[in-house]
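Colleague: Here's a sequence, model it:
(2 chains)
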Amino acid sequence: MNTQQAVIELLEDLTGTDISNNLDENLFTSGVLDSMATVELLLELQAKFGIDVPVSEFDRSEWETPNKIIAKVESLA
Amino acid sequence: MTVDIIKAIDAVATKTPNAVAYNYLGQTNTYAELKQDSDALANYIDGLNLATGSPIMVYGDQTFAMIATFLACVKSGHAYIPVDQHSPNERLLMIQEIAQPQLVIAVKTLPVELPETDILDAAQLQTVFQQASPYQLTHAVKNDDNFYIIFTSGTTGQPKGVQISHQNLISFVDWMVTDFDLPQRPISLAQAPYSFDLSVMDLYPTLVMGGELQVLPKKVTDNFKTLFATLPSLALNVWVSTPSLIDIILLEPSFKQDKYPELTHFIFCGEELTHQTAAELNRRFPAAQVFNTYGPTEATVAVTAVKITPAILNDYQRLPIGYAKADTTIQLDQVNAENQVGELIISGPSVSRGYLNSPEKTAQVFSTASQRAYRSGDLATIDATGLIFYKGRTDFQIKLNGYRIELEEVNHYLNQQDLIKQAVAVPKYNRQHKVTALLAYVVLKTSDDRPAFEVTKQLKQQLQQEMMAYMIPQRFVYRSALPLTVNGKVDIKALIKEANAND
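Modeller: As a prediction, the model looks like this:
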């Protein structure tokens, strides 16, 4: 499974919504992710892709759309 | 013993006028400024000749002007109703309708017109603050007079205004000051918005002790990078928050004693403190004291507390919520013979007189038989030493991130939406019995060809106009029908089971 598909599935698991047609949607301002869901997202990304993202380095603006998350994961993996 | 909260705070201004009372991300205000601004505004309010004891609605954020305004209201003999800037317009209108305030002080610009009410806007407020004139306390809020009124969730979408008197607040503040071994002039975390009564837990104990409130506003906690850049600079002694917030903070490994040597107290309220969280805090801050507390808004913030020691962690997998404070009696009603579980009935001087302008709702849960008592709706057991253990709710009320939510109220709003034929909200729990999210199971009126994401987005946007953001379900699951019980009602228990089946 490629990164894009894996991130889409993770977000669907987490939020109950399929975002595959909305990859540039802002997940925070649209209310898809609140702060608790963001924490879960962070933990899941670390577990699933083996990437290391310290919570203190988690700048929301860099992770606000599915495409940004995919790019971030690919750059860190 | 504190006899008067207002006089106690004014006394700090006389004794240590230049001490910092409020620190909003580096912008500081002293006790002298707190007295000066609240005096000036109290003088102005007196000039308006409002009806004696009528409440004043205060709308705004977490800046210094809020607390100066609160004090001005009570100095001039009026209770204040704190309303957070993130409240939907619908809620502002409902609170106005129930409370009938003659004056609204808008620390932030109101998003909606409130008819037939005088408004003091942010610019006018700053002008009033600048007209310094000492104020003589002659008719301040006292004894049984309302000090603040906080609106909480109601089952039918109508919020309920919990009336907290000066006497109620004194009972609470005295307990905080004497029973938690707090440092002198503590530097305390002020994170909760003022419409949430958790904020009272840091606000008044810190002010009467002459301490400093370090504000951590929502815009900072929302972005973890900013949050962790800010946190070390606060030099906190006393941490007050919901367990949910500390769970986020604990993800950062450097959050521990050697990096935060001044942090000596953690006080939690608003939702269940898990064994895991408390154990991790004890491990990272071995010298600090960790307290779990419990209480409904109707009994003034909190009425039980227990220090979570290694012995407590060893003895109990699900942590106790504490012992009743000395002036309060907590008993169980209708104890189940099998498991000794009963409903907590709280009586004592911090119990509210009831809901504002709502005699029927008040009569349902408050009694004045011998002493004022509140029927909490919380189930518990009490051991021989008086230690209390929470066991759930008698109704469909839940706690999410510390916020109290009536599932019926969420359902009420869901079912008002044009797109929705039928919907129910159910909680999703983690392994520690904590609610982590709300799920809405939805049957749409007509089948919608758009992707579910689009429908969910539209529903969330519509709901944001009407209900508090924390009540809006995080997830929407679309169904062609909902399961029913034999009585033909939606089978909520089956849906709760389904929502939690994968864990």
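Colleague: residues making contact with the helix or strand residue B:282 falls within?
Modeller: Taking DSSP states H and E as the definition, one finds residue B:282 inside helix B:275-284. Under the criterion Cβ atoms under 8 Å, 6 or more residues apart in numbering or on different chains, residues B:243, B:246-247, B:250, B:255-257, B:266, B:288, B:290, B:292, B:308, B:310, B:313, B:316-319, B:432 lie in contact with helix B:275-284. (Glycine included, C-beta is placed from N, CA and C.)
Colleague: Can you sort out which of these also neighbour chain A?
Modeller: Taking Cβ under 8 Å from any Cβ of the partner chain as the test, chain A is in contact with residue B:247 out of those.
Colleague: So which of the contacts of helix B:275-284 belong to strands?
Modeller: Using DSSP state E, the members of the contacts of helix B:275-284 that fall in strands are B:266, B:290, B:292.
Colleague: How much space separates the second one from residue B:420?
Modeller: Taking Cβ to Cβ, to the nearest Å as the measure, residue B:290 and residue B:420 are separated by 43 Å.
Colleague: Let's verify residue B:207: helix, strand, or coil?
Modeller: Three-state call for residue B:207 (DSSP: H, G, I helix; E, B strand; the rest coil): helix.
Colleague: distance of it from chain A?
Modeller: The gap separating residue B:207 from chain A is 28 Å, by Cβ to the nearest Cβ, to the nearest Å.
Colleague: doesn't residue B:458 make contact with residue B:448?
Modeller: No - with contacts defined as Cβ atoms under 8 Å, residue B:448 does not count as touching residue B:458, sitting 9.4 Å away.
Colleague: Got phi/psi on residue B:376?
Modeller: Backbone torsions for residue B:376, taken as degrees, to the nearest 10, come to phi -80, psi -20.
Colleague: Dump stretch A:44-52 to PDB, keeping only the CA atoms.
Modeller: Provided in PDB are the C-alpha atoms of stretch A:44-52 (Å, rounded to 0.1, in the frame of the first residue of the first chain):
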ATOM      1  CA  GLU A  44      -0.900   6.400  14.700                       C
ATOM      2  CA  LEU A  45       1.500   8.000  12.100                       C
ATOM      3  CA  GLN A  46       4.400   7.200  14.400                       C
ATOM      4  CA  ALA A  47       3.300   3.600  14.900                       C
ATOM      5  CA  LYS A  48       2.400   2.900  11.300                       C
ATOM      6  CA  PHE A  49       5.300   4.600   9.400                       C
ATOM      7  CA  GLY A  50       7.900   4.400  12.100                       C
ATOM      8  CA  ILE A  51       8.500   8.100  11.800                       C
ATOM      9  CA  ASP A  52       9.600  10.200  14.700                       C
END
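Colleague: contacts for it?
Modeller: Applying Cβ under 8 Å, 6+ apart, the contact partners of stretch A:44-52 are A:3, A:6, A:10, A:13-14, A:53, A:69, A:73, A:76-77.
Colleague: Ranking by neighbours, what's the top pick from those residues?
Modeller: residue A:69 (22 neighbours; other Cβ atoms under 10 Å in any protein chain shown).
Colleague: helix/strand/coil for it?
Modeller: Applying three-state DSSP: residue A:69 is helix.
Colleague: Please name the residues that touch it.
Modeller: Counting by Cβ under 8 Å, 6+ apart, residue A:69 makes contact with A:7, A:11, A:41, A:45, A:63.
Colleague: Take these and keep only those in helices.
Modeller: Counting by DSSP state H, those place A:7, A:11, A:41, A:45 in helices.
Colleague: so which pair among those is furthest apart in space?
Modeller: Spanning the widest gap among those are A:11 and A:45, at 10.3 Å by Cβ to Cβ.
Colleague: okay, and the common contacts of residue B:448 and residue B:458?
Modeller: residue B:419.
Colleague: any idea how far the residue most central in space within chain A is from residue B:33?
Modeller: Geometric centre of chain A, nearest residue: residue A:69, 4.7 Å, by Cα atoms, centre = their mean. Separation of residue A:69 from residue B:33 (Cβ to Cβ) stands at 45 Å.
Colleague: Now do the helices in the stretch 401-503 of chain B.
Modeller: Assigned by DSSP state H, counting those that start in this stretch, the stretch 401-503 of chain B shows helices spanning B:407-415, B:452-464, B:492-499.
Colleague: Tell me the buried residues in the shortest one?
Modeller: Taking 16 or more other Cβ atoms under 10 Å in any protein chain shown as the neighbour-count basis, helix B:492-499 is seen to contain the buried residues B:492, B:495-496, B:499.
Colleague: What parts of chain B come near chain A?
Modeller: Counting by Cβ under 8 Å from any Cβ, chain B comes close to chain A at B:221-225, B:228-229, B:244, B:247-248, B:251-254, B:401, B:436-437, B:439, B:451-454, B:456-457, B:460-461, B:464, B:469, B:472, B:474-477.
Colleague: what distance separates the helix-or-strand element of chain A with minimal mean pLDDT from the middle of the whole chain?
Modeller: In chain A, the helix or strand scored least confidently by mean pLDDT, DSSP states H and E is helix A:35-49, which has a mean of 84. From the chain centre to the centre of helix A:35-49 is a distance of 7 Å (Cα atoms, centre = their mean, to the nearest Å).
Colleague: Show me the shaky parts of chain A.
Modeller: Applying pLDDT under 70 to chain A picks out residues A:1.
Colleague: If anything else comes up later, I'll come back, but that's it for now.
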